[in-house]
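[1] based on what follows, work out the 3D shape:
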Amino acid sequence: MYGPGGFYHRPEGPAGHFRTSVHASPLFARAVAELLRRVDEALGRPAALDFVDMAAGRGELVTGVLAALPAGLAARTRACAVEIAARPAGLDHRVEWRAECPRAVTGLLFANEWLDNVPVEVAETDASGVWRRVLVARDGSERLGEPVAGADAEWLGRWWPGPAEEGLRAEVGRPRDTAWASVVGRVERGLAVAVDYAHTADARPPFGTLTGFREGRETAPVPDGSCDITAHVALDACALPGGRVLTQRDALRALGLAGVRPPLALATTDPAAYVRALATAGEAAELTAPGGLGDFGWLVQPVGLDDPLATG
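    As a prediction, this is how the structure comes out:
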């Protein structure tokens, strides 16, 4: 996926294959801009405020956030997009494009659907209930390998406990814990947020979540660079002290995105405004819908300030 000619270097970008909250509605970027504004307030309005867009795709989120900021705040914001693909043509000149997270961040680091693409080992229980690594050939065929041992076994014991029945599956999320800790460690003061398909220890999927996506459809996760390969994230395992996990529905509502249908009387007094408000309500409803985008997890990690989603 990540090498030359791999999935993430295709010219159409991820948006050509799957739809994230960023692609669903500009309201998502506006909500992130509001979160950045709250972080700015909590930091005392520093002369320079960082906004880091991890796994930036083709820069859709950072572009939308800059457009939604008040002029004065936009002028103080240092926007940085972190992505392994090349800088897209026509991207706002104010956005720094880089392959790695900056070493020091004061502001908001926002990782939308990044952790689900940090590679993890897949494990399956054999006939004796022992966790074994799942080995995958280039054509997608699988077989069980050696038993899971060491730190990975300890991770499974703590974060993916369950009955020792044959055929159960788990994704060993330890590399994601490490990846998240590494970027949170770059935040000197501010807030780090990871948004992803997620599950917690009280509801781990018994057969795992590994899958592939190509051209808007779910497909077999064949490791040949032809599709996106993803698995949901154990966000509770990633959380560092002081962090918390909430649903996207609750996070966006805390940021003022309610998805409330406009009053019908507006259709009579101002039909055009009613249509606009109805469209906005529909987009907000999609971003917060149970069973859909609203069930995404938000891991919120404050560093040196109070949680802006709790105090906003």
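
[2] need the longest strand for this structure.
    Secondary structure of the chain read by DSSP state E shows that its longest strand is strand 187-196.

[3] tell me the buried residues in it?
    If you call a residue buried by 16 or more other Cβ atoms under 10 Å, then strand 187-196 has these buried ones: 187, 189-196. Heads up, the C-betas are built off the backbone N, CA and C, glycines and all.

[4] which strands border the following helix or strand past it, and is each parallel or antiparallel?
    Following the chain from strand 187-196 toward its C-terminal end, the next helix or strand by DSSP states H and E is strand 198-199. According to DSSP bridges, the neighbouring strands of strand 198-199, each with its direction, are strand 233-234 (parallel).

[5] right, and the helix or strand after the partner strand?
    Proceeding C-terminally, strand 233-234 gives way to helix 235-238 as the next helix or strand, assigned by DSSP H and E.

[6] tell me where the stretch 101-250 of the chain has strands.
    Using DSSP state E, counting those that start in this stretch, the strands assigned to the stretch 101-250 of the chain run over residues 105-112, 121-125, 131-136, 142-147, 169-172, 187-196, 198-199, 211-214, 217-219, 228-230, 233-234, 244-247.

[7] most tightly surrounded among these?
    Per-stretch averages of neighbours, counted by mean count of other Cβ atoms under 10 Å, single out strand 233-234 among these, with a mean of 30.

[8] nearest to D306, of the strands of the stretch 101-250 of the chain?
    In terms of Cβ to Cβ, the element of the strands of the stretch 101-250 of the chain nearest to D306 is strand 187-196, at 9.8 Å.

[9] need the three-state assignment for P290.
    Three-state secondary structure (criterion: DSSP: H, G, I helix; E, B strand; the rest coil) places P290 in coil.

[10] is it in contact with R249, as I believe?
    Yes: P290 lies in contact with R249 (Cβ atoms under 8 Å); the separation is 6.9 Å.

[11] just flag the most distant two among the buried residues of strand 187-196.
    Farthest pair in those (Cβ to Cβ) is R189 and D196. Separation: 24.1 Å.

[12] can you lay out the buried residues of strand 187-196 as JSON lines showing pLDDT and distance to R138?
    Converted to JSON lines, the buried residues of strand 187-196 look like this (pLDDT from 0 to 100; distance: Cβ to Cβ, whole Å):
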{"residue": "V187", "pLDDT": "98", "distance to R138": "38"}
{"residue": "R189", "pLDDT": "98", "distance to R138": "45"}
{"residue": "G190", "pLDDT": "98", "distance to R138": "42"}
{"residue": "L191", "pLDDT": "98", "distance to R138": "41"}
{"residue": "A192", "pLDDT": "98", "distance to R138": "35"}
{"residue": "V193", "pLDDT": "98", "distance to R138": "35"}
{"residue": "A194", "pLDDT": "98", "distance to R138": "30"}
{"residue": "V195", "pLDDT": "97", "distance to R138": "31"}
{"residue": "D196", "pLDDT": "95", "distance to R138": "27"}
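
[13] and of the residues you listed, the nearest to T63?
    For the buried residues of strand 187-196, the nearest to T63 is V195 (17.3 Å; Cβ to Cβ).

[14] what sits against the closest one?
    Shown in contact with V195 (Cβ atoms under 8 Å, 6 or more residues apart in numbering): 21, 110-113, 248, 296-299.

[15] nearest spatial neighbour of it, chain-adjacent residues omitted?
    For V195, the nearest residue in space outside its immediate sequence neighbours is N112; the separation is 4.8 Å by Cβ to Cβ, 6 or more residues apart in numbering.
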